[in-house]
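J.: fold the stuff below for me.
(5 chains)
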Amino acid sequence: MEIFAYQKGEKNIRENIVFEEIPDLLKQENVTIWIDVDVRNQDDLRVAENLYGNIFGFHHLTIEDCREERNQPKVEEFDDYLFFIVHGITNKANTANFLTKELDGFLGKNFVVTNRNENFRSIDAVKKRIRINPKIIERGAAYLLHQIFDRLVDYYMPLVDDFDIAINELEDRVYAMETADTSILEEIMDVRRSVARLKRVSTRQLDVLYKISHGEFPQIPENFLPFYRDVHDHLLRISDMAESYRDLVSGLFEIHFSVTANKTNDVMKFLALISATMLPLTLLTGIYGMNFQNMPLIHSSYGYFITLGLMILIFLALLVYFWRRGWFGK
Amino acid sequence: MEIFAYQKGEKNIRENIVFEEIPDLLKQENVTIWIDVDVRNQDDLRVAENLYGNIFGFHHLTIEDCREERNQPKVEEFDDYLFFIVHGITNKANTANFLTKELDGFLGKNFVVTNRNENFRSIDAVKKRIRINPKIIERGAAYLLHQIFDRLVDYYMPLVDDFDIAINELEDRVYAMETADTSILEEIMDVRRSVARLKRVSTRQLDVLYKISHGEFPQIPENFLPFYRDVHDHLLRISDMAESYRDLVSGLFEIHFSVTANKTNDVMKFLALISATMLPLTLLTGIYGMNFQNMPLIHSSYGYFITLGLMILIFLALLVYFWRRGWFGK
Amino acid sequence: MEIFAYQKGEKNIRENIVFEEIPDLLKQENVTIWIDVDVRNQDDLRVAENLYGNIFGFHHLTIEDCREERNQPKVEEFDDYLFFIVHGITNKANTANFLTKELDGFLGKNFVVTNRNENFRSIDAVKKRIRINPKIIERGAAYLLHQIFDRLVDYYMPLVDDFDIAINELEDRVYAMETADTSILEEIMDVRRSVARLKRVSTRQLDVLYKISHGEFPQIPENFLPFYRDVHDHLLRISDMAESYRDLVSGLFEIHFSVTANKTNDVMKFLALISATMLPLTLLTGIYGMNFQNMPLIHSSYGYFITLGLMILIFLALLVYFWRRGWFGK
Amino acid sequence: MEIFAYQKGEKNIRENIVFEEIPDLLKQENVTIWIDVDVRNQDDLRVAENLYGNIFGFHHLTIEDCREERNQPKVEEFDDYLFFIVHGITNKANTANFLTKELDGFLGKNFVVTNRNENFRSIDAVKKRIRINPKIIERGAAYLLHQIFDRLVDYYMPLVDDFDIAINELEDRVYAMETADTSILEEIMDVRRSVARLKRVSTRQLDVLYKISHGEFPQIPENFLPFYRDVHDHLLRISDMAESYRDLVSGLFEIHFSVTANKTNDVMKFLALISATMLPLTLLTGIYGMNFQNMPLIHSSYGYFITLGLMILIFLALLVYFWRRGWFGK
Amino acid sequence: MEIFAYQKGEKNIRENIVFEEIPDLLKQENVTIWIDVDVRNQDDLRVAENLYGNIFGFHHLTIEDCREERNQPKVEEFDDYLFFIVHGITNKANTANFLTKELDGFLGKNFVVTNRNENFRSIDAVKKRIRINPKIIERGAAYLLHQIFDRLVDYYMPLVDDFDIAINELEDRVYAMETADTSILEEIMDVRRSVARLKRVSTRQLDVLYKISHGEFPQIPENFLPFYRDVHDHLLRISDMAESYRDLVSGLFEIHFSVTANKTNDVMKFLALISATMLPLTLLTGIYGMNFQNMPLIHSSYGYFITLGLMILIFLALLVYFWRRGWFGK
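T.: As a prediction, this is how the structure comes out:
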């Protein structure tokens, strides 16, 4: 649990804040407080829940939400604070397994509380910035939160761009289809599932930021709305891209199908070609292989060569026929 | 039919309430009553309908709805009570056969009536709780009902999670496709139907809880709205998961298709390989099996070996050809 | 054309009403009139149109609608009456050919007019009821109309349930696929078309009842709204079921596809098996059928048996190979 | 360019109106003017644009729209007139090539302007009517326009009904599939494209008539709204039918697919049947065709007949086997 | 960076404006300024950002958006200016690779700022026009911007029409399907991706122009709304066409599929025909090729001819059989 406080006019932020100071600090209008809780630490968890319940007086359902995982992004307004859940992207997430992590939190007039059970690069970055230069925190709680959201959404972008590459690479492999095994189907399915998750999480998050950025909540001063609108626009781009990726991935199945059908058609043609040239000739040899005693040509000394010549003629005629039907297209 | 009554300030809830006391109890502002009716019991049914009609004065269409099964989830406002229908999950429900059961009921200023013709684990759990500690009932009718809804929705979760497992297991079996029979299609179809039902019931229920949790009804005091919003959020997660399951299940059909097409392609290749290597050689043996008397090599003592050598050469050449075309990829 | 009138307080309804009495009856506040017109009767048609135009003063477009068939369900408000078109189900309708018939009509403060060119079981039933007991008509025009609507929608249910049976039966036949002919495709297509019609008509009708049951029209007193809401809920269930049937029917095509692909794969395997075992053995017999004079074993007395043994060995080896590849799975 | 004017109380409409009279006529409250311009006539075009710009003072963008083709249906309100674009059906339109033509126009308090570069049967019909009987024009500009719209939409109906026939005929041909060529696919694709166009144009037009018929514009007196609502309802039916046609047409592709797959399966079965019966017997003849000197039965005088009998037995056994597997289903 | 200023009443626009004059010019009510910045020029970029930040006082997030690429079309209102992002089409864009370029900008009461890092034909055209005749700029900033938008959207049209041609050409090639390779699938996929992009960009842009043209912003005087509505209508047509192209392209996959399936069916039939005629005859030759000594006909002098005749009969019978089954349909 890290606590940051900044008083307007001061040069530096304060960090070594004792638990007991918080109620006093909250009462001071020109102080902005940020409490960041990592609930993986059991001690912090206990202290934090005490803080939430007794000092801030947060609704106990929000405290439960902080304890749980697997919550959807949302934002809820209470009397004098907002409760929000947003999802960041995990370090381990990739296009085959798109994973998000939950960031819960509260925004009040002069405080921000962030509650999480994973590391967040966005939070670390903001902490680093305010230690060097407290400008961010100086502009108030709503601006501080915007900084966290902005970075959190920015970390989506590299992975979102990766999908484009991954889908293109899958597409090339589907066209090539060197190996006819089903492993490529599994990979396509994984990306499809990831894209669906990306779409879902960005849509929900878009709702959250739409509400925030359109001035629904008094906790966000109007002059900060453009900043949240900016985050909203970034999410909109992500959501749009997810939508287009979804189309492309489901197109992959159709291409795979068509390519397989094409291949089967090619193999069939080849088989038909072999059968159609070999079987008639074999029949001819069968005829002259019969044991009738009275067969024309059989005793002639040219019979064999005449027959062989005939077979070559038939063979060539068939090849010409197939060539005309366009079976040697490939 | 079980009747619970709790008077503010008392230590325990009262349970042995005679039918005649109800009108009196209803008039007392600081008493909360819960009447739970299992209509499978014919006597209870008759008593209950009398109660509904004559003492509570419920609209006779709602009483009819209580008698019927197969109603959709809904909530309706009447002068001084709400009528609701929600669906719980049955014990026997599984991913291949998703079944729900109906819970009808009424919510008034100081009473809750629950009406059902199945066992509900959620109702049993709440009864158990209030017998130990009447805290839940102490906070009033709206809170009591929230407790029932909350548990009812929570019982969905294990099964909803089961779908994920079931679909993954089906997906693995589709990829493996050891047995080419159609039983897997039937299983996919069963899950698909279950997912569709889950989606439908959760969407309808979401509507109901949206209306309740957004303060449309005066029967729900504003300070209890967050509790219903919480139930709404859980349902939203279920509905979202059902949506994504639907995508995955319809993906299974596509994979099954592609896998079958791939398999057919493999078999075709194998057949073409066999035919393309065997037929030309057979033709050659046919040629030397003809009964012409004047055939080159036929009387030579090396003729047989030369021919055999030629056949082996042709065979190897064909193998190299197919290997180059990549037909041994698998 | 049948005319029913009921005066509050009277014991029976009056039926033998002369055309000329209608204007007088309409002016009496405590009289409820129901005029039921079967426009297949040319005389009735002429009388009715005179009545509509001159006595009731209905808008001439609504009179045109009464004359035409093929109208969509709708409800329109005019100064002092509602005009409605709803669709009932015909007796001949089945899952392969879902047909509806049109019921047009007007609802005023104290009158109901129903206009149709088919028999309606719902109308016959209501007539029968009011002749025995005029209670229904006693509660006023809006309640009387609700009774007709309620029955009309109820007659949908048996057929709607039939779809479930028909689709399940088709599904079983698709899995079995004993006959590979296309007649099952035609049957699926018929059901698909019927389901689409059911969906369409119930959606339109839902709109009509939504408008009516949500208090948009002053012709429906507020205390009758729950009755119309009840009809609305029944339609909602029908619409929901139609939606799920649509999913199931389009699933049938996918299953049919997969089953056919599976079957083709099986046949291919069988063909490959036959070819792969027979062709190499035939080649062997071809080799020993050649007429070279100097062939090893050919003059040996064991040559034949050695060759035959070799053939059996090759045959068994191939069987083992295919068994290992899992081609005997079925 | 034809100009019609009608003064209330007069018996006939006036037709030979000089261009210069128009401003005067427009000022008279009890005169209704209809100006119909065919812009294919270059002179008319010039006169019309002068009229639009200088006398009526229409917005120059609407005048541009009148000059252009390929505009979407729309309705726009200006200070004292409405500008509308609707689409009629061309004479040459058919189910394989659904074509519409544009009718632009203006509706003012006492004037209608129609502007087009094609013949419109609806306009010709209205002209004919008002020449015989000026009743239509007597009721004012809004009613006159309704008459044009009503006829214009009615001319859609025969073609819309044709789609039903065309799709059924295609469906039958797909089932029969006597010719396996791709021409039927091209025909299906043409109908599909036509249906898409019908859907698009009717949806846009529905928007236009929804706006007009729901009282958005003061140019349409309230008592004429039911007339426009009637046109709206007709369009709604067209749009509904287009929607269902779309379903049916995309179903045709699925059926075509399934029928082709079925046919391929049949051919495969036939091939497998031939191969499975012929190849083993051929192997047997190969065995007795080998040139080993010491072969059992070869010298026996019954050997041939025993072998032949064995072949017939094997053949029959195979037939029974296939019959049991149900391969003779068709 | 080019700066244009026009003072009402003057004959020409001024172009050689020094940076320092701008604040003065902005204060003059009857002057309209247009600043066009190409941010590829590093010097211009620096000057422009100084201008935006210090003289105009634009919100710094909008300045960031000007610097970035890959923004979605949008419009945002600030205190006394609008910020917009629209997308034009690049010169290099074609149906296989649909590319857009970003035009950012600001619209104030008497100024327009356009900011871009690509050439825009629309901007060049407007510059050329105002140099010849300052009429456009005379009507104010909102009209000037409309002129740019109008041209920008018009440049979409030729390419949008190209899609129709490209899809038709692809369709023809799919039907012909001379080459069975997968390159056509890649081309279809490219067009599909382009159509998806076109749809996306036109939908977003439609939103922007809907907001602008429906009077949401005070920066656009009401009498200019019809001009923006006109641009909106053009975009609507583009969006509609994109929608229909999407349908057609996804239809291409289905046709490709069906054509491939048809072709495979043809090849199968051919193979079955060859096998079914050759194998029985080969069996017959095999029978008479057996070495039994006691075979009927074998020693007869007509045996060979009788057998040959029988083979021809069988062959003809099979041909008739296949002809009757309709296998020579193609």
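J.: need the contact list for the residue of the stretch 201-330 of chain A found nearest chain D.
T.: Closest approach between the stretch 201-330 of chain A and chain D, counting by Cβ to the nearest Cβ: residue A:289, at 7.2 Å. Where you see a C-beta, it was placed from the backbone N, CA and C, and this is true even at glycine. If you count contacts by Cβ atoms under 8 Å, 6 or more residues apart in numbering or on different chains, residue A:289 has them with B:286, B:289, B:290, B:291, C:289, D:289, E:285, E:289.
J.: and the first one, how close does it get to chain A?
T.: As judged by Cβ to the nearest Cβ, to the nearest Å, residue B:286 and chain A stand 3 Å apart.
J.: spell out which parts of chain A neighbour chain C.
T.: Selection of chain A residues close to chain C by Cβ under 8 Å from any Cβ of the partner chain yields residue A:289.
J.: as a quick check, tell me the outermost residue of chain A.
T.: residue A:294 (79.2 Å; Cα atoms, centre = their mean).
J.: got the phi and psi for the spatially closest residue to that one that is not a sequence neighbour?
T.: In space, and not counting its chain neighbours, residue A:294 is closest to residue E:301: 4.2 Å by Cβ to Cβ, 6 or more residues apart in numbering or on different chains. Backbone geometry at residue E:301, expressed as degrees, to the nearest 10, gives phi -80, psi -10.
J.: what about residue E:301, how many residues close to it?
T.: Neighbour count of residue E:301, defined by other Cβ atoms under 10 Å in any protein chain shown: 11.
J.: kindly report the same for residue A:18.
T.: Look at residue A:18: counted by other Cβ under 10 Å, it has 7 neighbours.
J.: just the pLDDT for it.
T.: Looking at residue A:18, its pLDDT stands at 85.
J.: just the mean pLDDT for the host helix or strand of residue A:317, thanks.
T.: Per DSSP states H and E: residue A:317 is located in helix A:303-324. For helix A:303-324, the mean per-residue pLDDT is 92.
J.: need the contact partners of it.
T.: Against helix A:303-324 from outside (Cβ under 8 Å, 6+ apart): A:273, A:276-277, A:280-281, A:284-285, A:288, A:296-297, A:300, A:328, B:287, B:290, B:292, B:294-296.
J.: I'd assumed residue A:86 was in a helix, is it?
T.: No - secondary structure of residue A:86, determined by DSSP: H, G, I helix; E, B strand; the rest coil: strand, with no helix assignment.
J.: make sure residue A:112 is indeed in a helix.
T.: No - applying three-state DSSP, one finds residue A:112 to be strand, outside a helix.
J.: run a quick neighbour tally on it.
T.: Per other Cβ under 10 Å, the neighbour tally for residue A:112 reads 26.
J.: how about the closest residue to chain E within the stretch 201-330 of chain A, secondary structure?
T.: Across the stretch 201-330 of chain A, the shortest distance to chain E (Cβ to the nearest Cβ) belongs to residue A:286, at 3.1 Å. Applying three-state DSSP to residue A:286 yields a three-state assignment of helix.
J.: residues in contact with the spatially closest residue to it that is not a sequence neighbour?
T.: Residue nearest to residue A:286 in three dimensions, not counting chain neighbours: residue E:285, with 3.1 Å by Cβ to Cβ, 6+ apart. Contacts for residue E:285 (Cβ under 8 Å, 6+ apart) come out as A:283, A:286, A:287, A:289, A:290, E:311.
J.: can you tell me the element the first one falls in?
T.: Following DSSP H and E, one finds residue A:283 within helix A:225-289.
J.: mind giving me the PyMOL select for the contacts of helix A:303-324, buried ones only?
T.: Burial among those is assessed by 16 or more other Cβ atoms under 10 Å in any protein chain shown; the matching PyMOL selection reads:
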select buried, (chain A and resi 273+276+277+280+281+284+285+288) or (chain B and resi 287+290+292+295)
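J.: so what's the nearest residue to residue A:207 once chain neighbours are set aside up against?
T.: Distance criterion Cβ to Cβ, 6+ apart; nearest residue to residue A:207, sequence neighbours excluded, is residue A:73 at 7.5 Å. For residue A:73, the contacting residues are A:84, A:85, A:86, A:87, A:201, A:204, A:205, A:207, A:208, by Cβ under 8 Å, 6+ apart.
J.: which residues touch residue A:70?
T.: Residue A:70 sits next to A:102, B:237 when contact means Cβ under 8 Å, 6+ apart.
J.: check what pLDDT it gets.
T.: Predicted confidence (pLDDT) for residue A:70: 83.
J.: did I read that right, it in a strand?
T.: No - when classified by three-state DSSP, residue A:70 is found to be coil rather than part of a strand.
J.: gap between it and residue B:147?
T.: In this structure, residue A:70 and residue B:147 are separated by 22 Å, where distance is defined by Cβ to Cβ, to the nearest Å.
J.: buried ones in the helix or strand that contains residue A:193?
T.: In this structure, residue A:193 sits in helix A:183-213 according to DSSP H and E. In terms of neighbour count (16+ other Cβ under 10 Å), helix A:183-213 has its buried residues at A:184-185, A:187-213.
J.: check stretch A:30-49 too.
T.: Along stretch A:30-49, these residues count as buried under the neighbour rule (16+ other Cβ under 10 Å): A:31-39, A:44-45, A:48-49.
J.: quick one: residues in contact with that stretch.
T.: Counting by Cβ under 8 Å, 6+ apart, stretch A:30-49 makes contact with A:1-9, A:19, A:22, A:25-26, A:51, A:63, A:66-67, A:110-118, A:123, A:127, A:130, A:137-138, A:140-141, A:144, all of which sit outside it.
J.: nearest to residue B:97 among the contacts of residue E:285?
T.: residue A:283 (58.4 Å; Cβ to Cβ).
J.: check what pLDDT that closest one gets.
T.: The predicted local confidence for residue A:283 comes out at a pLDDT of 94.
J.: how long is stretch A:76-92 from one end to the other?
T.: The straight-line separation of the ends of stretch A:76-92 (Cα to Cα, to the nearest Å) is 30 Å.
J.: what about that stretch, average pLDDT?
T.: Within the predicted structure, the mean pLDDT of stretch A:76-92 is 93.
J.: how about that stretch, does it get close to chain B?
T.: Yes - applying Cβ under 8 Å from any Cβ, one finds stretch A:76-92 in contact with chain B at A:76, A:78.
J.: can you pull the contacts of the residue nearest to residue A:108 when sequence neighbours are not counted?
T.: Residue nearest to residue A:108 in three dimensions, not counting chain neighbours: residue A:81, with 4.3 Å by Cβ to Cβ, 6+ apart. With Cβ under 8 Å, 6+ apart as the criterion, the residues that contact residue A:81 are A:56, A:58, A:106, A:107, A:108, A:219.
J.: and with 7 Å instead?
T.: The neighbours of residue A:81, taking Cβ atoms under 7 Å, 6 or more residues apart in numbering or on different chains as the test, are A:106, A:107, A:108, A:219.
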